[in-house]
Structure formats: structure tokens, C-alpha cells
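Chemist: model this:
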Amino acid sequence: MQPRFDETEAKRYVLNHYMSRLQQDVDELKVQYEFLQVLNHQQRKNWINNCLR
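Modeler: Model prediction:
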């Protein structure tokens with residue numbers, strides 16, 4: 001008999017697996033935000049335009 005798919009266990013696995021990555025992504029966004037705050041309007045515009053290429 002094959003084991004049944006346990007959706008609760010799957011959700012627990014996904015949450016545990018991706019929560020650490022989620023925090024890393026939030027931390028990265030915070031650093032990017034803080035970096036952009038030190039730039040003036042034109043520098044910020046140039047930086048964003050270069051990043052989106």
C-alpha cells in the first residue's frame with residue numbers, strides 16, 4: 001500500500017523550507033531601501049534604471 005500524500009506535512013515542510021529564505025529576501029530589500037535613501041533623486045533614478053536593464 002502506498003503512503004498517502006499528507007497536505008499538512010507538505011505545508012509544514014514548505015513553511016520551514018522557505019521561511020529562512022523569506023527572511024533573507026526581506027533583509028536584502030531593507031539593505032536596498034537603506035542604500036537608496038542616501039542617494040539624491042537623480043542618483044536614485046540612474047541606479048534604478050541601470051538595475052532594470
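Chemist: CA only for contacts and neighbour counts going forward, please
Modeler: OK.
Chemist: What separation is there between residue 41 and residue 35?
Modeler: Counting by Cα to Cα, to the nearest Å, the separation of residue 41 from residue 35 is 13 Å.
Chemist: Show me the helices in this protein, by range?
Modeler: 7-37, 41-51 (DSSP state H).
Chemist: In JSON lines, list those along with mean pLDDT, mean neighbour count and distance to residue 1.
Modeler: Output for the helices of the chain, formatted as JSON lines (pLDDT from 0 to 100; neighbours: other Cα atoms under 10 Å; distance: least, Cα to Cα, whole Å):
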{"stretch": "helix 7-37", "mean pLDDT": "92", "mean neighbour count": "11", "distance to residue 1": "18"}
{"stretch": "helix 41-51", "mean pLDDT": "93", "mean neighbour count": "11", "distance to residue 1": "53"}
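Chemist: list the contacts for residue 6?
Modeler: Under the criterion of Cα atoms under 8 Å, 6 or more residues apart in numbering, residue 6 has no neighbours.
Chemist: Now the phi/psi pair for it, please.
Modeler: Dihedral pair for residue 6: phi -100, psi 100, per degrees, to the nearest 10.
Chemist: how close does the spatially most central residue of the chain get to residue 11?
Modeler: Most central in the chain under Cα atoms, centre = their mean is residue 25, positioned 2.7 Å from the mean C-alpha point. Residue 25 sits 20 Å away from residue 11, going by Cα to Cα.
Chemist: Fine, thanks again, bye for now.
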